[in-house]
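Undergrad: next input, structure requested:
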Amino acid sequence: MPIYEYKCEKCDTNFEELQTKNEKVVCPSCGGTSLKKMFSAFFGIDLS
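TA: The predicted model follows:
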């Protein structure tokens, strides 16, 4: 499952959520559902 980064538009809390595609996300601080998906940087290392 991917990890998504969100910002709550109600209380300005940034948080990450490990979720399936159809799962509803709520802010862990205020329970708000007005969320903005943030850009997440991906980082990988090739050890081969």
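
Undergrad: shaky segments in this structure?
TA: When residues are selected by pLDDT under 70, those of the chain lie in 1, 40-45.

Undergrad: for it, what spans make up the strands?
TA: For the chain, applying DSSP state E gives strands covering 3-8, 14-18, 35-37.

Undergrad: what's the most buried one of the ones you listed?
TA: strand 3-8 (a mean of 16; mean count of other C-beta atoms under 10 Å). To be clear about C-beta, it is placed using only N, CA and C from the backbone, and glycine gets the same treatment.

Undergrad: neighbouring strands for it, and are they parallel or not?
TA: Strand pairing for strand 3-8, using DSSP bridges, gives strand 14-18 (antiparallel), strand 35-37 (antiparallel).

Undergrad: how about those strands, which one is nearest Pro28?
TA: strand 14-18 (5.7 Å; C-beta to C-beta).

Undergrad: just the CA trace of the closest one, in CSV.
TA: What follows is strand 14-18, C-alpha atoms only, in CSV (Å, rounded to 0.1, in the frame of the first residue of the first chain):
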residue,chain,number,x,y,z
ASN,A,14,0.3,17.8,7.8
PHE,A,15,0.2,14.0,8.1
GLU,A,16,1.0,10.8,6.2
GLU,A,17,-1.5,8.0,5.7
LEU,A,18,-0.9,4.4,4.6
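
Undergrad: please state the offset of it from the chain centre?
TA: 3 Å (C-alpha atoms, centre = their mean, to the nearest Å).

Undergrad: then stretch 19-30?
TA: For stretch 19-30 - counting by C-alpha atoms, centre = their mean - the centre lies 8 Å from the chain centre.

Undergrad: picking up where we left off before, rebuild the strands paired with strand 3-8 as JSON lines, extending it with distance to Ile3.
TA: Shown next, in JSON lines, are the strands paired with strand 3-8 (distance: least, C-beta to C-beta, whole Å):
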{"stretch": "strand 14-18", "distance to Ile3": "5"}
{"stretch": "strand 35-37", "distance to Ile3": "12"}
